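Engineer: for reference, the sequence and a predicted model appear below.
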Amino acid sequence: MKIKWFIETVCLLLIILFIYTATNKLVAHETFKFQLMGHKLLLKYIPIVAIAVPAVEIIISLMLIFPRTKLAGLYASAILLLVFTAYIVYMFNFYPTTPCSCGGIISKLSWKGHIIFNVVFMLLALIAARLTKKQETRDRVFSVS
């Protein structure tokens, strides 16, 4: 029962995180696009990135709701957080004064704070994924017997 509670709590935290950041990016869409313009790495892809990032965050949030897609959603969360973390490390090394396009409270974190935040959530997603996989395997074994 504790394992299920942990998995559900992690999923809820990830849903809140992704819906929160996606909403901020969509509500302040022009600001988000403007902030992306400061990154030479993304210049050619700004129109796509400006829609794709919040869309992916929303899709992953939906995946985390449904039992059938929860495991894939947890892995997708970890991958997205890894990509964001790699992006932050890149930005920290090459653009130390670039504003964060996260929005809201999260934008107040330092670059190092962002990295720690992302790594913690990535680890939570991976632990929850592993526990979900174990639970699904156990459920299959007991349902066959």
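Structural biologist: Nice, I can see it. Keep in mind that what you see is a predicted model, and the values were worked out from it rather than measured.

Engineer: which other helices and strands contact the helix or strand bottoming out on mean pLDDT in the chain?
Structural biologist: The least trusted helix or strand in the chain, going by mean pLDDT, DSSP states H and E, turns out to be helix 29-37, with a mean of 85. Using 3 or more C-beta pairs under 8 Å, 6 or more residues apart in numbering; DSSP states H and E, the elements in contact with helix 29-37 are helix 46-65. (Each C-beta comes from the backbone N, C-alpha and C, glycine too.)

Engineer: now the following helix or strand past the helix it packs on: average pLDDT?
Structural biologist: Later in the chain than helix 46-65, the nearest helix or strand by DSSP states H and E is helix 70-94. For helix 70-94, mean pLDDT rounds to 91.

Engineer: show me the contacts for Val10.
Structural biologist: Residues near Val10 by C-beta atoms under 8 Å, 6 or more residues apart in numbering: Leu74, Leu124, Ala125, Ile127, Ala128.

Engineer: er, Leu42 I mean
Structural biologist: Contacts of Leu42 were listed using C-beta under 8 Å, 6+ apart, and they are Leu36, Val49.
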